[in-house]
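In: Structure for this input, please:
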Amino acid sequence: MAHFAELDDNNKVLRIVVINNAECIGPDGVESEEIGIAFCQYLYGGIWKQTSYNGSFRKNFAGLNSTYDPVKDAFIPAKPEESPWEDYVLDEVTLQWVPPIPMPTDGKQYVWDYVNKEWVEVIPLA
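Out: Predicted coordinates:
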């Protein structure tokens, strides 16, 4: 199955549709995003980009209210605006919203403390 995201004029994702892979195959037997886009436009009109459920292309699966960045050719998830997310920053490699301080990599478990804006070690129950 192939997934396509409909975009508004500002590249915000409006909806995701799933179509049969056969609808993306051209007369030469090769699968093509352009053919899938044409199929979506025939059915629904609008502006479409293919998205990958496993992130194998365009970095992230398109979600409702996420944004397509044409320069990066990637989908960026919507950043929740209410606390505790307001201090998160966009990781320019993964294009995911992350805490402003990287989580320690010492093998212990941590949770992000939104009030104090720091990582706090999770102490396992004995």
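
In: now Ile47, nearest residue through space, not along the chain?
Out: Leu7 (4.5 Å; CB to CB, 6 or more residues apart in numbering). Every residue, glycine included, has its C-beta placed from N, CA and C.

In: So what's the residue count around the one you found?
Out: Neighbour count for Leu7, taken as other CB atoms under 10 Å: 21.

In: Contacts only, for it.
Out: Shown in contact with Leu7 (CB atoms under 8 Å, 6 or more residues apart in numbering): Val13, Leu14, Gly46, Ile47, Trp48, Lys49, Tyr68.

In: Restricted to buried residues, select these in ChimeraX.
Out: A single ChimeraX command selects the buried members of the contacts of Leu7 (16 or more other CB atoms under 10 Å):
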select :13,48,49,68
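
In: need the strands for the chain, in chain order.
Out: 2-7, 13-19, 47-51, 67-69, 74-76, 89-90, 97-98, 110-113, 118-121 (DSSP state E).

In: Against which helices or strands is the fourth one packed?
Out: Translated: strand 67-69. In this structure, strand 67-69 makes packing contacts with strand 74-76, judged by 3 or more CB pairs under 8 Å, 6 or more residues apart in numbering; DSSP states H and E.

In: same deal with the last one?
Out: Contacts of strand 118-121 with other secondary structure elements, assessed using 3+ CB pairs under 8 Å, 6+ apart, are made with strand 110-113.

In: Now the strand it packs on: buried residues?
Out: For strand 110-113, a neighbour-count test (16+ other CB under 10 Å) marks Trp112 as buried.

In: just checking, what packs against it?
Out: For strand 110-113, the packing partners by 3+ CB pairs under 8 Å, 6+ apart come out as strand 118-121.

In: what separates the strand it packs on from the chain centre, distance-wise?
Out: Counting by CA atoms, centre = their mean, to the nearest Å, strand 118-121 is centred 26 Å from the centre of its parent chain.
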